[in-house]
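S.K.: no FASTA, just this:
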Ligand SMILES: [Mg+2]
């Protein structure tokens, strides 16, 4: 059954807390002709960055956080990274990237598989609602559609962004159905489901926009969608100084408009709304930060990290939006380069591979490889892995720049890489996270073919700018390591010729 039919049947049986609104039939606008996947990379990395910048000081009161850390603009030393200042994820990134992983595995959304995926690994900093979901789904064995909790926490919204990916090539109303179904798995609540759809709509538009929208666009776009989807619901403010009871969108509309008019600082505004893990508090903060700093991705994320209490989640939600709008290139390279990219305790760099696989699967695939043509490169492995192997020698002559004279095997090897199109043009100079692979041989031992291909490209191309770069990679054993991993992925078999 497709997602729209499944959603319609759940709506008819009143099993999903959502209004059967006309928005759900709307076809998302197509992506522009010259659109690049780089925007999606920005969206996913922005989410991971926001989470990692925020999570060491999650739920602290901004003034207290500032006393201990000053203004946070970089990852804090983290005990889960041996005290180094690296980006370590919490539940927000974990559940978002598990969503992406499951979408890749199934080729699209299969809600029960996603529910199972959420219940397989330890979730860092798990919230109360997801704990209750696990009790229903995993411990009591309830079906996925009965396991979502009636909670207006922000735990579905924080992880929802990847549902967009299977729709990039052929946008259809299935996108809204996927969003609602994926959201209700853990949080089956009117505000949560409506916020998820309205926010995915905002993300989709961000992916398309050529420049940051007007400040009022964020709240208007949100309210237009959420109003229709939420129905006649009532949510109460937890802040005694700011009493409110009514639909979430009305509060958001009133408050964010007022903040814009009064030009409150994001700190003032987020303190007024309390900025906790409750959607009535999260949404105004997210939309106001985006309204003020949508044209400045770094500042938007910094404000979310410093000026809110549930800062990892607010920053993850803000980060995905500014990442979608400005693309990967709009995010500071230092944040990308220092992101561990793990989704469990021991899968560092995994999110970067998931992003690469997503590009291959949901956008444009590189030409495929066969075991046979990879052998054209692998035949060099026995030579390069000899301990005494030397890739050549430096030639130093007076009056000339020193240069590295490669052996004929190395030159043949490079030619073979080109001949089977293993060299793939990409922006390798700004491939910040790739540097982690050179320092950490363990990661190469687990890499997928797309990553190996990017690594080989980066090294061969870098050699033109830094004489002897490739020689150093041979001498450290890095090139042999890449080929060894490739041999594991493409074992040669006697039946190859069949
Ligand atoms: Mg978190």
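M.R.: Yep, that arrived. Since the model is a prediction, treat every value here as computed from it, not as a measurement. Residues are numbered from 1 along each chain as shown.
S.K.: where do the strands sit along the stretch 351-498 of the chain?
M.R.: 392-395, 403-406 (DSSP state E, counting those that start in this stretch).
S.K.: So which residues of this structure form strands?
M.R.: For the chain, the strands defined by DSSP state E cover 235-236, 245-246, 392-395, 403-406.
S.K.: Quick check: neighbours of the third one in the sheet, parallel or antiparallel?
M.R.: What it means is strand 392-395. Looking at strand 392-395 with DSSP bridges, its partner strands are strand 403-406 (antiparallel).
S.K.: in the partner strand, what's buried?
M.R.: Across strand 403-406, burial judged by 16 or more other Cβ atoms under 10 Å covers 404, 406. The way it works is simple: take the backbone N, C-alpha and C, and place the C-beta from them, glycine included.
S.K.: And the pLDDT for the residue in the chain that the ion sits nearest to?
M.R.: The minimum distance from the chain to the ion, using Cβ to the ion, falls at residue 90 (3.4 Å). Residue 90 is assigned a pLDDT of 97 by the prediction.
S.K.: Check which helices and strands the longest helix seen in the chain is in contact with.
M.R.: Counting by DSSP state H, the longest helix found in the chain is helix 190-208. Helices and strands touching helix 190-208, by 3 or more Cβ pairs under 8 Å, 6 or more residues apart in numbering; DSSP states H and E, are helix 38-54, helix 174-184, helix 215-230, helix 248-262, helix 279-293, helix 311-326.
S.K.: tilt between that helix and helix 174-184?
M.R.: Put simply, helix 190-208 runs at 140 degrees to helix 174-184, going by axes from the mean of the first three to the mean of the last three Cα atoms, to 10 degrees.
S.K.: correct me, but the residue of the chain closest to the ion touches residue 51?
M.R.: Yes: at 5.7 Å, residue 90 counts as touching residue 51 under the criterion of Cβ atoms under 8 Å.
S.K.: Report the set of residues contacting both of the two.
M.R.: residue 312 (Cβ atoms under 8 Å, 6 or more residues apart in numbering).
S.K.: Looking at the helices and strands packed on helix 190-208, which one is packed in the most?
M.R.: Highest mean neighbour count of the helices and strands packed on helix 190-208: helix 311-326, a mean of 31 (counted as mean count of other Cβ atoms under 10 Å).
S.K.: Check the gap between residue 122 and residue 288 for me.
M.R.: To residue 288, residue 122 is 34 Å away according to Cβ to Cβ, to the nearest Å.
S.K.: same thing with residue 175?
M.R.: With Cβ to Cβ as the criterion, residue 175 and residue 288 are 26 Å apart.
S.K.: Kindly report the same for residue 210.
M.R.: To residue 288, residue 210 is 23 Å away according to Cβ to Cβ.
S.K.: if we can go back for a sec, a markdown table for the helices and strands packed on helix 190-208, including distance to residue 28?
M.R.: Formatted as a markdown table, those follow (distance: least, Cβ to Cβ, whole Å):
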| stretch | distance to residue 28 |
| --- | --- |
| helix 38-54 | 14 |
| helix 174-184 | 6 |
| helix 215-230 | 12 |
| helix 248-262 | 20 |
| helix 279-293 | 20 |
| helix 311-326 | 13 |
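S.K.: now the ones you listed as CSV including mean pLDDT and distance to the ion?
M.R.: Formatted as CSV, these follow (pLDDT from 0 to 100; distance: least, Cβ to the ion, whole Å):
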stretch, mean pLDDT, distance to the ion
helix 38-54, 98, 6
helix 174-184, 98, 17
helix 215-230, 97, 22
helix 248-262, 98, 21
helix 279-293, 98, 12
helix 311-326, 98, 4
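S.K.: ok now the helix or strand of the chain with the lowest mean pLDDT, how far from the chain's centre?
M.R.: Of all the helices and strands that make up the chain, helix 371-378 has the lowest average by mean pLDDT, DSSP states H and E, namely a mean of 88. Distance of helix 371-378 from the chain centroid (Cα atoms, centre = their mean, to the nearest Å) equals 33 Å.
S.K.: What of stretch 105-125?
M.R.: Using Cα atoms, centre = their mean, the offset of stretch 105-125 from its chain centre is 15 Å.
S.K.: How about the contacts made by the closest residue in space to residue 376 that isn't next to it in sequence?
M.R.: Spatial nearest neighbour of residue 376, excluding adjacent residues (Cβ to Cβ, 6 or more residues apart in numbering): residue 416 at 4.9 Å. By Cβ under 8 Å, 6+ apart, the residues touching residue 416 are 376-377, 380.
S.K.: Helices of the stretch 1-150 of the chain, start to end?
M.R.: 3-12, 38-54, 62-69, 91-106, 111-118, 128-134 (DSSP state H, counting those that start in this stretch).
S.K.: out of these, nearest to residue 457?
M.R.: Nearest of those to residue 457, taken as Cβ to Cβ: helix 38-54 at 16.7 Å.
S.K.: Which strands and helices lie in contact with that closest one?
M.R.: The contact analysis (3+ Cβ pairs under 8 Å, 6+ apart) places helix 38-54 against helix 91-106, helix 190-208, helix 297-307, helix 311-326, helix 333-337, helix 350-358.
S.K.: deepest of these, which one?
M.R.: helix 311-326 (a mean of 31).
S.K.: what inclination does it have with respect to helix 215-230?
M.R.: 110 degrees.
S.K.: Summarise which helices and strands helix 311-326 is packed against.
M.R.: Partner elements for helix 311-326 (3+ Cβ pairs under 8 Å, 6+ apart): helix 38-54, helix 91-106, helix 190-208, helix 279-293, helix 297-307.
S.K.: can you put those helices in CSV and add distance to residue 217?
M.R.: Output for these, formatted as CSV (distance: least, Cβ to Cβ, whole Å):
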stretch, distance to residue 217
helix 38-54, 17
helix 91-106, 24
helix 190-208, 9
helix 279-293, 8
helix 297-307, 14
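S.K.: thinking again about what came up before, can you select the buried ones from the contacts of residue 416 in PyMOL?
M.R.: In PyMOL syntax, the buried subset of the contacts of residue 416 is picked out as below (16+ other Cβ under 10 Å):
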select buried, resi 376+377+380
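S.K.: what's near enough to touch residue 50?
M.R.: 92, 301, 304-305, 312, 314-320.
S.K.: Spell out which parts of this protein neighbour the ion.
M.R.: By the rule Cβ under 5 Å from the ion, the part of the chain lying against the ion is 90-92, 125, 312.
S.K.: One more pass at 6 Å, please.
M.R.: Within reach of the ion by Cβ under 6 Å from the ion, the chain has these residues: 55, 58, 90-92, 125, 312-313.
S.K.: of the residues you listed, closest to residue 32?
M.R.: Checking the residues of the chain next to the ion one by one against residue 32 (Cβ to Cβ), the nearest turns out to be residue 92, at 29.0 Å.
S.K.: check contacts around that closest one.
M.R.: Here residue 92 is in contact with 47, 50-51, 55, 158-159, 312-313, 316 (criterion: Cβ under 8 Å, 6+ apart).
S.K.: make it 7 Å
M.R.: 47, 51, 158-159, 312-313, 316 (Cβ atoms under 7 Å, 6 or more residues apart in numbering).
S.K.: Would you check which pair of the residues you listed lies furthest apart?
M.R.: Across the contacts of residue 92, no pair lies farther apart than 159 and 312, at 12.0 Å, counting by Cβ to Cβ.
S.K.: Tell me the buried residues in stretch 367-383?
M.R.: Across stretch 367-383, burial judged by 16+ other Cβ under 10 Å covers 369, 373-374, 376-378, 380-381.
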